[in-house]
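Asker: fold the following and give me the result.
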Amino acid sequence: MTRMLSALLLLALAGLPAQAKLPFVKKAQALGFAEIKDCKACHASVPPKKGGEMTERGKFLVAAKGSHKAAEVDLAWLKDYKGK
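Answerer: Sure, this is the predicted structure:
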């Protein structure tokens, strides 16, 4: 019983980093960006790593964050993204 509980706990914790920004996916979809299905829309690696490689969309959002001098990415900026 203890082994099974430990295994389940480890599996649950292993999934946390990949789900840490799941609200971003939901918010992007709510803003009308239905093509964004998961973290791979912006991150090249799964689970995403802070400072890790980004897709073109992710690079766009990081650059927009810098140009807006924002503390966090605003997914509304995706309206200006011209890539695929």
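Asker: residue 83 and residue 59 touch, don't they?
Answerer: No. With contact defined as CB atoms under 8 Å, residue 83 does not count as touching residue 59 (9.2 Å). Where C-beta positions appear, they are placed from N, C-alpha and C, glycine not excepted.
Asker: between these two, tell me which one has more neighbours.
Answerer: residue 59 (14 against 9; other CB atoms under 10 Å).
Asker: for that one, phi and psi?
Answerer: For residue 59, the backbone dihedrals (degrees, to the nearest 10) come out as phi -60, psi -40.
Asker: that one and residue 66, how far apart?
Answerer: Distance, residue 59 to residue 66, by CB to CB, to the nearest Å: 11 Å.
Asker: try residue 35
Answerer: Taking CB to CB, one finds residue 35 at 24 Å from residue 66.
Asker: same check, this time on residue 57
Answerer: Taking CB to CB, one finds residue 57 at 15 Å from residue 66.
Asker: more neighbours, the two?
Answerer: residue 57 (20 against 9).
Asker: just to check, that one is in contact with residue 42?
Answerer: Yes. With contact defined as CB under 8 Å, residue 57 reaches residue 42; the gap is 5.2 Å.
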